[in-house]
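A.B. asks: From the sequence below, what's the structure:
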Amino acid sequence: MVVRELLPADKVSLTITVPGSICQEGFTETVKIMRRDVVGPLKGFRQDKIPLSEIISRVGGQAQFDAAVLETVLIRAMGDVMPVHAARMLPGSEQIATNMPQLMAAFDPAKPLTFQVTYSRLPEVQWSSPYQDIVITLQDSGNIESDQAAADGLIRQYLKQEGQKRVVADRGLARGDGAIINMRIAPKSNPAAPYPGLEKEKFFFDTDADMLDLTDIWSYLGLEKEKFSLDTDADMLDLTDHMLGMLPGEQRSWEFVFPQDWHVDLWRGQTAVADIKLEELFSYILPEFNDEFVAQHYPQFESAADLRQSLVSTTSLERMRDIEDRVKDAILTQVSACVASPIPEALLQAQGEKEFQAKLLDLVQRGVARMEDVERQLTQEGLDAFIESERMGLEERCRYVLAAEAIAEEQGIDVDIEGLEEEVERAKAQCKAEKVDFDPDVYRQETVEKLRYAAVMQWLQQNLKVEVLPWGGEGAAEQAAATQAAQPASV
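C.D. replies: All right, here's what the predicted structure looks like:
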């Protein structure tokens, strides 16, 4: 049971009563952990049969044992209560207000436990303009014709895999060729240290590769990505445009800026230097795309027309997903722009720490960096540098956090936490299997936050005015983005 009371100075008190059954579970869990971690193997006893008296003796007496059980109960209770009943809590402001000696004296694992927690609320949002009046205007990134053209480009990639390469020595590189190249891409500020994964020698580069990341399309169609010799990093950097006309043995260098949607967030906006050497050049002799080709190489499809239609449909679906993501990004930006409230430093620090850790771990998961490299970066100095470099974006997302909490309260948006404990157990089992540390309380709180923000975003998508303009051809998307950026936050 939880009783909530508003206090002066934007503080809140929660009086939490923990059922006796939960206290007993805390006792049992503490005993289990101590048998394993404190006592360990004990001659003459199975681990689950080690006497309680031996455990109490090993931890330093009854008082220390009771304190450990109480700590387990308090941590679990706060992990269950705070994500649900402290939605607008300023990060790091929660503290147990009940006198601890008093709690210790009253604690009995077989009986209910009542204690008080206080925390500071996020400040009330001051709106510079009504978020309800926001109008989102975006331009579609394609149409059925461009989807069909993209599908034809994919089909050409399939044909290349089964076609023949012919060495070219009498002309320069043209779009549609294949090439063996050496690539080295490094920061302009530190050219001696290339970006992880962007220094490669004698790898095959396809100048005709589709400019989209095709991972989702391949997965959807049940095709094997490993069959294709595309290098999506190299392709997304528009190397082909800079390499046109290159002859075997020729080397070129140029500067560029990583785009703002680059998949490694830490590199976005950085100026880099690309050094490319063309080792060998190939043209293709392609087979015919027909039912026989499809039956031999992609038997999961009934015909060439079936494969092509699947590619067109999947490309269209990806385009729709892209529009939805862009709408969400525009909503976040414009709703944030409506917030005039100052950002609490504690919120900025918490948001920065969360994003800093997530970005570094993402590099490990994608094989860009090793865990030991990440651990060296997880320092206060590294966090401070990250916050300073990303301050503008962090402040925008913090303003959205303030806005989302206020909108959820104003519009009565509730979070459905059914199945939350099952999700916590699933994540716990996965981390155990991967030998990764797991804090169920932190995971539970972050999951509830994600659900709340997702519910607010869904409400905004359904209630704000969104206009998607038809595609205007190549270059139209950039023009539309510039137009959207020039619009005021509300209309």
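A.B. asks: Residue 462 - how many residues pack around it?
C.D. replies: Counted with other Cβ atoms under 10 Å, residues neighbouring residue 462 total 8. To be clear about C-beta, it is placed using only N, CA and C from the backbone, and glycine gets the same treatment.
A.B. asks: Could you do residue 75 as well?
C.D. replies: 14.
A.B. asks: quick one: contacts of stretch 398-409?
C.D. replies: Applying Cβ atoms under 8 Å, 6 or more residues apart in numbering, the external contacts of stretch 398-409 come out as 87-88, 122-125, 131, 332, 335-339, 341, 343, 347-348, 351, 413, 452-453, 455-457, 459-460.
A.B. asks: Pull out the buried positions in that stretch.
C.D. replies: 398, 399, 400, 401, 402, 403, 404, 405, 406, 407, 408 (16 or more other Cβ atoms under 10 Å).
A.B. asks: gap between the nearest residue to the first one once chain neighbours are set aside and residue 64?
C.D. replies: So the one you mean is residue 398. Once flanking residues are discounted, residue 398 sits nearest to residue 343: 4.7 Å by Cβ to Cβ, 6 or more residues apart in numbering. Distance from residue 343 to residue 64, counting by Cβ to Cβ, to the nearest Å: 42 Å.
A.B. asks: Looking at those two now, which is surrounded by more residues?
C.D. replies: residue 343 (19 against 11).
A.B. asks: contacting residues around the more buried one?
C.D. replies: Contacts of residue 343 by Cβ under 8 Å, 6+ apart are 395, 398, 399, 402.
A.B. asks: Validate this expectation: it resides in a strand.
C.D. replies: No: going by DSSP: H, G, I helix; E, B strand; the rest coil, the assignment for residue 343 is coil, not a strand.
A.B. asks: Now it: phi and psi?
C.D. replies: Backbone torsions of residue 343, given as degrees, to the nearest 10, read phi -90, psi 120.
A.B. asks: before we move on, what about residue 335?
C.D. replies: When read as degrees, to the nearest 10, the backbone of residue 335 gives phi -60, psi -40.
A.B. asks: And the helices in the stretch 51-200 of the chain?
C.D. replies: 52-59, 62-85, 100-106, 144-162 (DSSP state H, counting those that start in this stretch).
A.B. asks: Nearest to residue 2, out of those helices?
C.D. replies: helix 62-85 (5.2 Å; Cβ to Cβ).
A.B. asks: Between helix 52-59 and that closest one, find me the angle.
C.D. replies: 90 degrees (axes from the mean of the first three to the mean of the last three Cα atoms, to 10 degrees).
A.B. asks: My guess is residue 205 contacts residue 179. True?
C.D. replies: Yes: between residue 205 and residue 179 there is a contact under Cβ atoms under 8 Å: 5.2 Å.
A.B. asks: Specify the next element, helix or strand, located C-terminal of the helix or strand hosting residue 422.
C.D. replies: In this assignment (DSSP states H and E), residue 422 forms part of helix 420-433. Next along the chain after helix 420-433, taking DSSP H and E as the criterion, comes helix 440-463.
A.B. asks: which helices and strands does that next one pack with?
C.D. replies: helix 62-85, helix 304-337, helix 391-411, helix 420-433 (3 or more Cβ pairs under 8 Å, 6 or more residues apart in numbering; DSSP states H and E).
A.B. asks: Each with direction, which strands does the helix or strand that that helix is followed by pair with?
C.D. replies: Downstream of helix 440-463, the next assigned helix or strand under DSSP H and E is strand 465-469. Note on strand 465-469: by DSSP bridges, its sheet partners are strand 135-139 (parallel).
A.B. asks: re earlier: adding distance to residue 238, write the helices of the stretch 51-200 of the chain out as JSON lines.
C.D. replies: Formatted as JSON lines, those follow (distance: least, Cβ to Cβ, whole Å):
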{"stretch": "helix 52-59", "distance to residue 238": "63"}
{"stretch": "helix 62-85", "distance to residue 238": "44"}
{"stretch": "helix 100-106", "distance to residue 238": "62"}
{"stretch": "helix 144-162", "distance to residue 238": "16"}
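A.B. asks: quick one, which of these is nearest to residue 138?
C.D. replies: Closest among the helices of the stretch 51-200 of the chain, once you apply Cβ to Cβ, is helix 144-162, at 15.9 Å.
A.B. asks: Okay, buried residues for the closest one please.
C.D. replies: 146-148, 150-151, 153-160.
A.B. asks: those strands in the stretch 101-250 of the chain, which residues are they?
C.D. replies: Assigned by DSSP state E, counting those that start in this stretch, the stretch 101-250 of the chain shows strands spanning 113-120, 135-139, 164-167, 178-187, 199-206.
A.B. asks: Can you check which of those strands gets nearest to residue 467?
C.D. replies: strand 135-139 (4.7 Å).
A.B. asks: Any idea which helix or strand in the chain has the lowest mean pLDDT?
C.D. replies: Lowest by mean pLDDT, DSSP states H and E among the helices and strands of the chain is helix 215-221, with a mean of 40.
A.B. asks: burial of the closest residue to residue 465 other than its chain neighbours, as a residue count?
C.D. replies: In space, and not counting its chain neighbours, residue 465 is closest to residue 135: 4.7 Å by Cβ to Cβ, 6+ apart. Neighbourhood size, residue 135 [other Cβ under 10 Å]: 15.
A.B. asks: Please apply the same query to residue 34.
C.D. replies: 21.
A.B. asks: Check whether it really touches residue 60, as I assumed.
C.D. replies: No: judged on Cβ under 8 Å, residue 34 makes no contact with residue 60 at a distance of 11.4 Å.
A.B. asks: Output the helices and strands packed on helix 440-463 in TSV; the columns should cover mean pLDDT.
C.D. replies: Listed next are these as TSV, based on pLDDT from 0 to 100:
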stretch	mean pLDDT
helix 62-85	86
helix 304-337	94
helix 391-411	91
helix 420-433	80
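A.B. asks: Could I get those in JSON lines, plus columns for distance to residue 472?
C.D. replies: JSON lines is the format used below for the helices and strands packed on helix 440-463 (distance: least, Cβ to Cβ, whole Å):
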{"stretch": "helix 62-85", "distance to residue 472": "45"}
{"stretch": "helix 304-337", "distance to residue 472": "15"}
{"stretch": "helix 391-411", "distance to residue 472": "28"}
{"stretch": "helix 420-433", "distance to residue 472": "43"}
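A.B. asks: of all those helices, which lies closest to residue 102?
C.D. replies: The nearest among those, by Cβ to Cβ, is helix 62-85 at 11.5 Å.
A.B. asks: buried set for the closest one?
C.D. replies: Applying 16+ other Cβ under 10 Å to helix 62-85 flags 65-70, 72-74, 76-83, 85 as buried.
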